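Asker: Kindly return the folded structure for what I paste below:
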Amino acid sequence: MQYPNTAIAQQAANSHLNEVSDFVKTIVEANKRNADMSYATPLGAPAFPEAGKTSALGADTIPTYAYNWCVSPMTPMAVAGVIWIPSENNLGYTPSNYAAEMEIYAKSLASTYGMENVQFFYGQPAASLVEGITPPMIPAAKLVKFDQWPKSLKQIAIEMAKQAE
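Answerer: Purely as a prediction, here's the structure:
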């Protein structure tokens, strides 16, 4: 659901609405029959679809998970800037595509937040840390490279703060 105006997102939303409509009809029909609701109705309402999530794939391994559930709800608000520090699990399925995906994300920030410019700070894992990864070309962005996965974000935050001064 990262791109709400796409055909696939609209199809997922329409499918969900049909599931909810069927769920409500089941309850209404059971009520008309004076059926025991504890047996005649589903235990829960249909869950809203999570992009890419399957039984074999956890939601926290989906590259758009953090955006969809943590960032997207804040998009009506203006921001002073965006900080992106990837974890081992959100580089995507193909690290060689990561640079292009980051470039697209960085370019989308101004329209996402309805602002002319959004300052962008990001952490970049070294090529020795992630095979096939290359640095994105993001004009005016501030970059902090790291050659090991941080156990704490403190050092990266300090380096980004120095760049912001």
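Asker: Tell me how many other residues crowd the closest residue in space to I83 that isn't next to it in sequence.
Answerer: Counting by Cβ to Cβ, 6 or more residues apart in numbering, I83 lies nearest to F121, which is 4.7 Å off, once chain neighbours are set aside. Heads up, the C-betas are built off the backbone N, CA and C, glycines and all. Burial measure for F121: 20 neighbouring residues, criterion other Cβ atoms under 10 Å.
Asker: Correct me if wrong, but F121 is in a helix.
Answerer: No: going by DSSP: H, G, I helix; E, B strand; the rest coil, the assignment for F121 is strand, not a helix.
Asker: what pairs with it across the strands?
Answerer: I83, K142 (DSSP bridges).
Asker: now swap in the one 4 residues further on and tell me
Answerer: According to DSSP bridges, F146 are recorded as the beta-bridge partners of P125.
Asker: mind giving me the domain ranges of the chain?
Answerer: Under automatic domain parsing, the residue ranges defining each domain of the chain are 1-49, 59-164.
Asker: Rebuild those as CSV, extending it with mean pLDDT.
Answerer: Output for the domains of the chain, formatted as CSV (pLDDT from 0 to 100):
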stretch, mean pLDDT
domain 1-49, 80
domain 59-164, 83
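Asker: on that earlier part again, shouldn't the residue nearest to I83 be in contact with W84?
Answerer: Yes: F121 is within contact range of W84, at 7.3 Å (criterion: Cβ atoms under 8 Å).
Asker: still on that earlier bit, ranking the domains of the chain by mean neighbour count, which comes first?
Answerer: Of all the domains of the chain, domain 59-164 carries the top mean neighbour count, a mean of 14, counting by mean count of other Cβ atoms under 10 Å.
Asker: Next SSE downstream of the longest helix seen in the chain?
Answerer: Ranked by number of residues, the top helix in the chain under DSSP state H is helix 7-32. Per DSSP states H and E, the first helix or strand lying C-terminal to helix 7-32 is helix 37-40.
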